[in-house]
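Participant: Just a sequence and a predicted model for now, questions to come.
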Amino acid sequence: MLLDQVKQAGVVGAGGAGFPTHIKLQTQVEYYLVNGAECEPLMHKDRELMCRFSREIVQGLQWAADCVHADKRIFGIKSKNQCAIEALKTAIGTSSVSIHEFGDYYPAGDEYELVYGITGRLIPPQGLPLEVGAVVNNVETLFNIYQAAQGRPVTDTFLTITGAVKRSMTTRAPIGMQVRDVLALAGGPTLSSYRIMESGLMMGRLLPDDSQPVTKTTGGLIVLPADHRLIQRYTTPPRVMDRIGHSACDQCSYCTELCPRYLLGYDVQPHLVMRSLGFTAMGTELWNTHALLCCQCGICTLYACPEGLYPREACLRGMTDLRGKGQGKWQGSKQVSVHSIKDSRRVPVKLLMRRLGVMDYDAHAEFVETSAHPEQVRILLKQHVGVAAEAVVKAGEKVERGQLIGRIPEGKLAAAVHASISGIIAEVTTEAVTIRAK
Ligand code: SF4
Ligand code: SF4
């Protein structure tokens, strides 16, 4: 019953790539873990959700964990977020749900880190939490599971709006709303020349412009000056990254020594991948295999490298190259053992923020219930892992908020998509459905 409700409601993993949640619920596991260990600098969406909607999140967890017969139900949260911990304790009451506290370091919210931190189990290389008896959901996903059980589909996304805006806040906005309209909820940018990072400075993406629509997985919008060092880093052309990497990398190996995946025991060695920059395509494979287990956390590029080089990007390119040759599957040892110095090499978030040059934007971003009424939304049919949903509406039709507009293609991995506002369908393409408010 719950599984079907979650499928109908279009629930996807809200904390990352958007894996369809109904697939995760088709299993049996020992642990149901809730990822509330938000670690991206300046992002506070999960904390605020836990502070404001703890009852719904805990109920969502209980129903979802019942569905997969998980008897261990545990939240992973940072100790600094006492408001969330207190609110959850009240909502948990005398039930068996427990809370595991993490320190304030990056990337505590990485799935491999979270599973190891709570269960002591290491996910096999390129594996899933399922392989060690766990399902992991972000707190917003559990809120959406709760909503689905009430017959309410996913129509809004929760997000932190921060950086160079008039009033940093966390709020919710209709899916498909244009980024510039969402920024206006926070008073708009305070600069005339700015760029926007979506969902995080470390693992998020630099938006091409502010006309993009927000999606089910948008967790935040961060406005930075267009000439900010981070923006310059993200806009450096790949050929320039390669050229300076080839000439300036002195193989000091700091990138590897601080790599969280390496410290967890996986064979990720970005300094070796950097060697591939000096080779022709023929000679790169040996070095690129050390990139296959990289999670793109960005520590090497944005924190560790003293030369300001781009080992993360080298890893991404190495992985892409190997996948293109059909060699993307990990062939090395499945044995993983945690590095003995792991704990002493953690990266504190405050230190990371200083390195990123964003301390000036360190705002609380409290939750504010705004009433966003966009004139138009452009809802993407693919906001999830898998194939795009199939539009079930035509231009000119009237739709109500919550109405199905995109269904899962028969037998495919995908998620349903719903209207986030009431109005008239203005356009339908294979990529998106545009609705104009009535
Ligand atoms: S930290 Fe920078 S200079 Fe040192 S090995 Fe890594 S990429 Fe090269
Ligand atoms: S991005 Fe860099 S630090 Fe992060 S996992 Fe990959 S190689 Fe390691």
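Facilitator: Yep, that arrived. Ligands and ions are numbered 1, 2, ... in the order given.

Participant: residues from the chain in reach of ligand 1?
Facilitator: For the chain, the residues in contact with ligand 1 (CB under 6 Å from any ligand atom) are 249-255, 270-271, 274, 304-305, 307, 309, 311. For the C-beta atoms, the positions are set from N, CA and C on the backbone; glycine is no exception.

Participant: 5 Å instead, please
Facilitator: Cys249, Gln251, Cys252, Tyr254, Cys255, His271, Met274, Cys305, Glu307, Leu309, Pro311 (CB under 5 Å from any ligand atom).

Participant: can you give me the helices in the stretch 301-438 of the chain?
Facilitator: For the stretch 301-438 of the chain, the helices defined by DSSP state H, counting those that start in this stretch occupy 311-324, 349-356.

Participant: for those, which one sits closest to Ile425?
Facilitator: In terms of CB to CB, the element of the helices of the stretch 301-438 of the chain nearest to Ile425 is helix 311-324, at 36.8 Å.

Participant: and the residue of the stretch 1-150 of the chain at minimum distance from ligand 2, what does it touch?
Facilitator: Closest residue of the stretch 1-150 of the chain to ligand 2, CB to the nearest ligand atom: Pro107 (7.8 Å). Going by CB atoms under 8 Å, 6 or more residues apart in numbering, Pro107 touches Cys39, Glu113, Met202, Met203, Pro260, Cys295, Cys297, Ile299.

Participant: ok, so of the residues of the chain next to ligand 1, who is nearest Asp343?
Facilitator: Proximity of the residues of the chain next to ligand 1 to Asp343 (CB to CB) peaks at Tyr254, which lies at 17.9 Å.

Participant: Hmm, Pro306 and that closest one touching each other?
Facilitator: Yes - counting by CB atoms under 8 Å, Pro306 is a contact partner of Tyr254 at 6.3 Å.

Participant: So which of the helices of the stretch 301-438 of the chain is nearest ligand 2?
Facilitator: Closest approach to ligand 2 among the helices of the stretch 301-438 of the chain (CB to the nearest ligand atom): helix 311-324, 3.8 Å.

Participant: hmm, who's touching that closest one?
Facilitator: By CB under 8 Å, 6+ apart, helix 311-324 touches 238, 241-242, 245, 255, 268, 270-271, 273-274, 276-277, 281, 284-285, 287-292, 294, 296-298, 300-302, 304-305, 328.

Participant: quick one: buried residues of the host helix or strand of Val6?
Facilitator: Val6 is part of helix 2-9 when elements are defined by DSSP states H and E. Residues of helix 2-9 classed as buried by neighbour count (16 or more other CB atoms under 10 Å): Leu2, Leu3, Gln5, Val6, Lys7, Gln8, Ala9.

Participant: packing partners for the helix or strand that comes right after that helix?
Facilitator: Next along the chain after helix 2-9, taking DSSP H and E as the criterion, comes helix 21-24. In terms of contacts (3 or more CB pairs under 8 Å, 6 or more residues apart in numbering; DSSP states H and E), helix 21-24 is packed against helix 2-9, strand 134-138, helix 139-149.

Participant: May I see the ones you listed organised as a markdown table, with mean pLDDT added?
Facilitator: Output for those, formatted as a markdown table (pLDDT from 0 to 100):
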| stretch | mean pLDDT |
| --- | --- |
| helix 2-9 | 98 |
| strand 134-138 | 97 |
| helix 139-149 | 98 |
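
Participant: Which of those sits closest to Val214?
Facilitator: So among the helices and strands packed on helix 21-24, helix 139-149 is nearest, using CB to CB, at 13.0 Å.

Participant: residues in contact with the closest one?
Facilitator: Against helix 139-149 from outside (CB under 8 Å, 6+ apart): 2, 5-6, 8-9, 11-15, 21, 34-36, 45-46, 49-50, 53, 56-57, 59-61, 63-64, 137, 153-154, 157-158, 219.

Participant: Now go through the contacts of Pro107 and say which are in helices.
Facilitator: Counting by DSSP state H, those place Glu113, Pro260, Ile299 in helices.

Participant: and this protein, which of its residues are near ligand 2?
Facilitator: Proximity of the chain to ligand 2 (CB under 5 Å from any ligand atom) is limited to residues Cys259, Arg261, Val268, Pro270, Cys294, Cys295, Cys297, Ile299, Cys300, Arg312, Cys315.

Participant: follow-up on the earlier one: buried deepest among the helices of the stretch 301-438 of the chain, which one?
Facilitator: helix 311-324 (a mean of 21; mean count of other CB atoms under 10 Å).

Participant: all helices of the stretch 51-200 of the chain, in order?
Facilitator: Assigned by DSSP H, counting those that start in this stretch, the helices in the stretch 51-200 of the chain fall at 54-67, 82-92, 111-119, 139-149, 179-185.
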